[in-house]
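K.L.:
no sequence for this one, just the structure:
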């Protein structure tokens with residue numbers, strides 16, 4: 001699982017590097033994607049990684065927060081993201097096989113599923129969900145960058161493997 005989280009961190013760094021060259025207007029431009037702008041999509045990815053890491057660490061905190069992602073600035077997201085990546089790495093390195101396979105219950109807010117729901121999965125699936133979620137939305141940002149006339153970075157897993 002470290003390989004997957006390291007890949008996700010690498011790909012997000014590349015996207016952030018390109019996005020740092022955008023103007024504030026470009027970052028927040030309505031582009032019609034699921035979270036409408038590059039910045040709002042970055043906030044959503046960042047918040048998802050933050051929430052799921054907290055869920056892995058805080059065993060007794062079973063309820064995911066409702067509502068939209070906090071409206072952090074681009075600069076704050078760039079500054080705080082490495083801490084999340086370190087958090088995943090440290091948690092995975094310290095987790096025993098029993099902790100990775102232990103099923104935990106999470107109460108999803110009604111904004112995720114109408115009426116809310118209980119999600120019961122092993123912790124390793126939460127880690128892979130966080131990586132997959134980030135990959136999905138990074139792809140949307142790639143499309144938004146193209147629509148802004150910006151050449152996006154190559155974030156495919158194959159390119160990551162070439163850096164190893």
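P.N.:
Arrived safely, thanks for sending. If you're wondering where the values come from, they're calculated on a predicted model, not measured in any experiment.

K.L.:
elements contacting the helix or strand containing residue 90?
P.N.:
According to DSSP states H and E, residue 90 maps onto helix 74-94. When contacts are defined as 3 or more Cβ pairs under 8 Å, 6 or more residues apart in numbering; DSSP states H and E, helix 74-94 sits against helix 2-19, helix 38-57, helix 123-147. Bear in mind the C-beta positions are built from the backbone N, C-alpha and C, glycine included.

K.L.:
of all these, which one comes closest to residue 80?
P.N.:
helix 38-57 (7.5 Å; Cβ to Cβ).

K.L.:
got the angle for that closest one vs helix 74-94?
P.N.:
Taking axes from the mean of the first three to the mean of the last three Cα atoms, to 10 degrees, helix 38-57 and helix 74-94 form an angle of 30 degrees between their directions.

K.L.:
average pLDDT for helix 38-57?
P.N.:
Mean pLDDT, helix 38-57: 94.

K.L.:
show me what counts as buried in that helix.
P.N.:
Buried residues in helix 38-57, counted by 16 or more other Cβ atoms under 10 Å: 38-50, 52-53, 55-56.

K.L.:
run a quick neighbour tally on residue 21.
P.N.:
Counted with other Cβ atoms under 10 Å, the neighbours of residue 21 add up to 9.

K.L.:
should've said residue 92
P.N.:
19.

K.L.:
and it, how far is that from residue 153?
P.N.:
25 Å (Cβ to Cβ, to the nearest Å).

K.L.:
and the spatially closest residue to residue 137 that is not a sequence neighbour, how close does it get to residue 15?
P.N.:
Closest residue in space to residue 137, ignoring its immediate chain neighbours: residue 45 at 4.8 Å, by Cβ to Cβ, 6 or more residues apart in numbering. Between residue 45 and residue 15 the computed distance is 9 Å (Cβ to Cβ).
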